[in-house]
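Chemist: Output the structure for:
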Amino acid sequence: MLTTYETVQPYGEAEIVIQKSRFLAFVKRTETAEDAQAFIAEIKAAHPGANHNCSAYMIGEHDLIQKADDDGEPSGTAGVPMLEVLKKRGLKDTCVLVTRYFGGIKLGGGGLIRAYGSAVSAGLEETGLVRRDLSTVLSATFDYSMLGKVENEVRSSSSYPLKEIAYEENVRLTCWVPAGEEDTFEGWIQDLTSGRASFSRDGVEYLETPVPFKRDKRL
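Modeler: You can find the predicted model right below:
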C-alpha cells in the first residue's frame, strides 16, 4: 500500500463551451478497470445524442492500468490529452469522460487537444483533489481527569488528527496516526498522562485531506 498519494473526490462534473461546442466533463474515483468501464458506460448511456464520449483513466498503485479513448475524434486529439492531464497532476485511481456536443465549428487538431485538456482540468477543479495518507487508527484510553489536557494538546497538533472521543467508563480518544509513528504517538500520550494511558491499534485507513487546485496556465 502506498503511504501517500493524490486522487479526486468521489465524483464531480463541469461544463465548458468552446466555439459553440459543449464539453461536459465527468470525473469519478475508480479503483478498478471494471469500475472505470462501468462509469464510462453509464455516462454514454445518459448522453446518447452526443457526438463524442471521450475517456481516460489511470488506476493502480503504480499506474499500471491506463487507457485513453478518442471515441471518433481524430487520433490523439482527445483521450491521450485527457490522460496526460491526469499524469501531470499525478492522480491515481481516476477516471474522466468528456462528452462533446458539436457546435458546428471545427477546432482543428490543436484546438481539440486544448479543448479536451481544458475540459478535464475544469472537471478536476470542480470535483476537488485530495491527498490520502496511510494512517493507523490508534486509540488512547485514560482517566477523565486528564481529558482537558490531552484533548487540548491533540487538537493543537497538526501531526495526529483527532477522529473521535468516546465517553465510556474511561475516556477513549482516537486519532489518525501516520504509518510508522505509532510508537512516537503512544510515547507522547504517555508523557501527557504520566504513563497512565492504555492503547489499542484498530487497523489502518487512508486519511483524506483536500488539496488546493492549481490551474495549468497553458490550458
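
Chemist: going forward, measure contacts and count neighbours with C-alpha atoms only.
Modeler: OK.

Chemist: which residues in the chain form helices?
Modeler: Here the chain has its helices, by DSSP state H, at 33-46, 79-89, 108-127, 147-156, 182-192.

Chemist: and the first one, what does it pack onto?
Modeler: Spelled out, it's helix 33-46. Here helix 33-46 touches strand 52-59, strand 94-101, going by 3 or more C-alpha pairs under 8 Å, 6 or more residues apart in numbering; DSSP states H and E.

Chemist: Out of the helices of the chain, flag the one nearest V211.
Modeler: With C-alpha to C-alpha as the criterion, V211 lies closest to helix 108-127 of the helices of the chain, at 10.4 Å.

Chemist: Next, the buried residues of the closest one.
Modeler: Buried residues in helix 108-127, counted by 16 or more other C-alpha atoms under 10 Å: 112-127.

Chemist: what do you get for stretch 38-51?
Modeler: By 16+ other C-alpha under 10 Å, the buried positions in stretch 38-51 come out as 39-40, 44.

Chemist: again, but for stretch 156-170
Modeler: For stretch 156-170, by 16+ other C-alpha under 10 Å, it's 160-162, 165.

Chemist: Residues touching that stretch, excluding its own?
Modeler: Applying C-alpha atoms under 8 Å, 6 or more residues apart in numbering, the contact partners of stretch 156-170 are 141-144, 154-155, 171-178, 185.

Chemist: let's see 7 Å
Modeler: Outside stretch 156-170, the residues that touch it by C-alpha atoms under 7 Å, 6 or more residues apart in numbering are 141-144, 154-155, 172-177.

Chemist: if you average pLDDT over stretch 148-157, what comes out?
Modeler: The pLDDT scores in stretch 148-157 average 96.

Chemist: Return the set of buried residues in that stretch.
Modeler: Using 16+ other C-alpha under 10 Å as the test for burial, stretch 148-157 gives 150, 154.

Chemist: Tell me the pLDDT of K214.
Modeler: 84.

Chemist: what number of residues lie near it?
Modeler: Applying other C-alpha atoms under 10 Å, we find 9 other residues in the vicinity of K214.

Chemist: Compute the distance between it and F199, please.
Modeler: Look at K214 and F199: by C-alpha to C-alpha, to the nearest Å, they are 40 Å apart.

Chemist: same deal with R22?
Modeler: R22 is 56 Å from F199, by C-alpha to C-alpha.

Chemist: Which one's more surrounded, the two?
Modeler: Counted by other C-alpha under 10 Å, R22 and F199 do not tie: R22 has more neighbours, with 19 against 16.

Chemist: wait, what's in contact with that one?
Modeler: 15-16, 100-102.

Chemist: ditto for I59
Modeler: Contacts of I59 by C-alpha under 7 Å, 6+ apart are 31-32, 65-66, 92-94.
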